[in-house]
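In: 3D, please:
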Amino acid sequence: MEKTDRSRRKFIIALIALLAGFFILRKYLVTGLARKKVLLSIAKADIPPHGALVYKQSRVAVTRGNDRITAISLVCTHLGCTVTVTPREFACPCHGSTFDRQGRVIKGPADRPLAHLPVEDRGDHIVVLAGS
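Out: Numbering: from 1, shown residues only. Purely as a prediction, here's the structure:
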């Protein structure tokens, strides 16, 4: 009987230690997974009113209009080519799709709008995050 009590006690102590370790590790694992990748950090003053900043390497255009800052992916939704930015629209050089300044399809073959990326306001600058 005494041997059973000892093994039960050891089991309970081991279980408590395991659970404590799990809760300590969970803090680091969950925050690491929940953290989103920052693509760009931009000073608000650098974004022209009713204009756009184009980041070719990240394939993102950051636009400002009517007190709203938007980040639009420059990846064409047809076949993944990088669209070019003109004063009035986004145009895909590969197959001729065009998109308006909000990323909506004007002319195909693309049938889906350009993706909007999450933007966080951090006071004097904004942060563009990798897709949602």
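In: mind checking the end-to-end distance for stretch 52-65?
Out: End-to-end span of stretch 52-65 (CA to CA, to the nearest Å): 9 Å.
In: Contacts for it next, please.
Out: By CB atoms under 8 Å, 6 or more residues apart in numbering, the list of residues contacting stretch 52-65 from outside reads 39-40, 42, 46-51, 69-75, 82, 85, 90, 101, 117, 119, 126, 128. All C-beta atoms are positioned from the backbone trio N, CA, C, and that covers glycine.
In: Would you map out the domains in this protein?
Out: 1-35, 38-129 (automatic domain parsing).
In: tell me the most buried of those?
Out: Ranked by mean neighbour count under mean count of other CB atoms under 10 Å, the domains of the chain are led by domain 38-129, which reaches a mean of 15.
In: mind putting the domains of the chain in JSON lines, mean pLDDT included?
Out: Compiled in JSON lines, those are given as follows (pLDDT from 0 to 100):
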{"stretch": "domain 1-35", "mean pLDDT": "69"}
{"stretch": "domain 38-129", "mean pLDDT": "90"}
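In: how about the nearest residue to A43, chain neighbours excluded?
Out: Among residues not flanking A43 along the chain, H125 sits closest, at 4.9 Å (CB to CB, 6 or more residues apart in numbering).
In: ok, that neighbour touching V38?
Out: No: H125 is beyond contact range of V38, at 11.2 Å (criterion: CB atoms under 8 Å).
In: Could you check how far the helix or strand hosting L53 is from the centre of its chain?
Out: Assessed by DSSP states H and E, L53 sits inside strand 52-55. How far strand 52-55 lies from its chain's middle: 17 Å, per CA atoms, centre = their mean, to the nearest Å.
In: Past it, which element shows up next along the chain?
Out: Sequence-wise, the next helix or strand downstream of strand 52-55 (DSSP H and E) is strand 60-65.
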